[in-house]
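Chemist: next one to model:
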Amino acid sequence: MAKLIIKNLHAEVDGKQILKGIDLTINEGETVALLGPNGHGKSTLLNVIMGHPKYKVTEGSIYLDDVDVLSLSTDERAKLGLFLGMQLPSEVPGVINSDFLRAAVNARKEKPVSTYQFYKLLDAAIKEVKMPFDLATRSLNEGFSGGEKKRNEILQMILLEPKIAMLDEIDSGLDVDAIQVVADVIKAEQAKGRGFLVISHYARLFDLINPTRAVVIINGRVALDGGVEIIKRIDSTGYEFIKTELGIEIEKEEPEMNKVSIGSCAVRESIKNNG
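Modeler: Numbers count the residues shown, from 1 in each chain. From the prediction side, this is the model:
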């Protein structure tokens, strides 16, 4: 069983330190909800694990089993069994979606899958995420709606079969029906033993996928690592208890963040993006 081990991880972007000593272990088969106010390092952590070149690791280590993840390129990390479903998937004109997906699948295989085998896998996965098949014949994410881009990320996850799947607000911008589809896919992958690290501002998604643990990042460090009751408490009261009970001053937060629930955070973000 795969194990992702992060120790004393420090990272910066554009000379600004964001992660300040993250310690976290994720086992294959676990689903970990990753929480925390905006700007405290959640997305940075996922990008650092996946090897985004914008982020510079200044201290610490990341291992998947006995393999030094930080010594690998991004594509090597994907081959090792890591996957990142992005918050804002890029459009790539001229690269056909199905060609990209087939290349990604074959990169992880010793023997490439045949065209027939691939399209059989693709057809089944597309039906699972309830996407129109014609999206597979178009340029990668070009002209896709926000919801279609997110489903395409989930489609990639199904086909790549990672050991640990990291999902960065994969549910943002989705309507209720689409969130249910995404949750159903995650549950099907959980049943296969897939490990998950999931960022979301929607308590609804966490209710649907039943995380095994909840981790809260504050000021670039893990402030809490415990049971799922943490999610409900944050959704009800915000992050005020982090300050009052743990004595941790929140260095950076949105105005009135402590009075905002997970759900209303998401609504506000959606209005800002679509207004």
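Chemist: residues contacting the spatially closest residue to E251 that is not a sequence neighbour?
Modeler: The spatially closest residue to E251, leaving aside those adjacent along the chain, is N219, at 4.8 Å (Cβ to Cβ, 6 or more residues apart in numbering). Just so you know, the C-beta spots here come from the backbone N, C-alpha and C atoms, and that holds for glycine as well. When contacts are counted by Cβ atoms under 8 Å, 6 or more residues apart in numbering, N219 is found next to 20, 40, 248-252.
Chemist: ok, now G41?
Modeler: Contacts of G41 by Cβ under 8 Å, 6+ apart are 18-20, 22, 217, 220.
Chemist: residue contacts, the closest residue to K163 other than its chain neighbours?
Modeler: Leaving aside its sequence neighbours, K163 sits nearest to G81 (Cβ to Cβ, 6+ apart; 3.3 Å). The neighbours of G81, taking Cβ under 8 Å, 6+ apart as the test, are 2, 64, 162-164.
Chemist: so which of those residues belong to strands?
Modeler: Those of these mapping onto strands are 64, 164, per DSSP state E.
Chemist: list just the nearest of the contacts of G81 to E91.
Modeler: P162 (23.0 Å; Cβ to Cβ).
Chemist: tell me the SS of L4?
Modeler: L4 falls in the strand class when you classify it by DSSP: H, G, I helix; E, B strand; the rest coil.
Chemist: just the pLDDT for it.
Modeler: Looking at L4, its pLDDT is 97.
Chemist: most distant residue from the middle of the protein?
Modeler: Y116 (30.4 Å; Cα atoms, centre = their mean).
Chemist: spatially nearest residue to V129 (excluding sequence neighbours)?
Modeler: Nearest one to V129, counting by Cβ to Cβ, 6+ apart, is R151 at 4.6 Å.
Chemist: hmm, I was thinking of K130
Modeler: Nearest one to K130, counting by Cβ to Cβ, 6+ apart, is V181 at 5.3 Å.
Chemist: burial of that neighbour, as a residue count?
Modeler: 19 (other Cβ atoms under 10 Å).
Chemist: on that earlier part again, how close does the residue farthest from the centre of the chain sit to A124?
Modeler: 13 Å (Cβ to Cβ, to the nearest Å).
Chemist: which residues in this protein form strands?
Modeler: Going by DSSP E, the chain shows strands at 3-13, 16-27, 31-35, 55-64, 67-68, 82-85, 92-96, 139-140, 164-168, 195-199, 213-218, 221-226.
Chemist: need the ones you listed in a markdown table (columns: mean neighbour count and distance to G146).
Modeler: Formatted as a markdown table, the strands of the chain follow (neighbours: other Cβ atoms under 10 Å; distance: least, Cβ to Cβ, whole Å):
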| stretch | mean neighbour count | distance to G146 |
| --- | --- | --- |
| strand 3-13 | 18 | 24 |
| strand 16-27 | 18 | 26 |
| strand 31-35 | 24 | 21 |
| strand 55-64 | 16 | 24 |
| strand 67-68 | 12 | 35 |
| strand 82-85 | 24 | 13 |
| strand 92-96 | 11 | 16 |
| strand 139-140 | 18 | 15 |
| strand 164-168 | 25 | 14 |
| strand 195-199 | 25 | 16 |
| strand 213-218 | 22 | 25 |
| strand 221-226 | 16 | 30 |
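Chemist: and of the ones you listed, who's closest to G147?
Modeler: strand 82-85 (13.4 Å).
Chemist: what does the closest one contact?
Modeler: For strand 82-85, the surrounding residues in contact (Cβ under 8 Å, 6+ apart) are 4, 46-47, 49-50, 64, 69, 150, 153-154, 156-157, 160, 162-168, 170.
Chemist: find the centremost residue of this protein, please.
Modeler: L167 (1.6 Å).
Chemist: and the pLDDT at the nearest residue to that one once chain neighbours are set aside?
Modeler: With Cβ to Cβ, 6+ apart as the criterion, L167 has its nearest non-adjacent residue at 4.3 Å, and that residue is G85. At G85, the model reports a pLDDT of 95.
Chemist: again, but for G173
Modeler: Reported pLDDT for G173: 82.
Chemist: I'd assumed E148 was in contact with it.
Modeler: No - using Cβ atoms under 8 Å, G173 makes no contact with E148, being 10.1 Å away.
Chemist: surely the residue nearest to the centre of the chain is in contact with Y202?
Modeler: No - using Cβ under 8 Å, L167 is not in contact with Y202; the gap is 11.8 Å.
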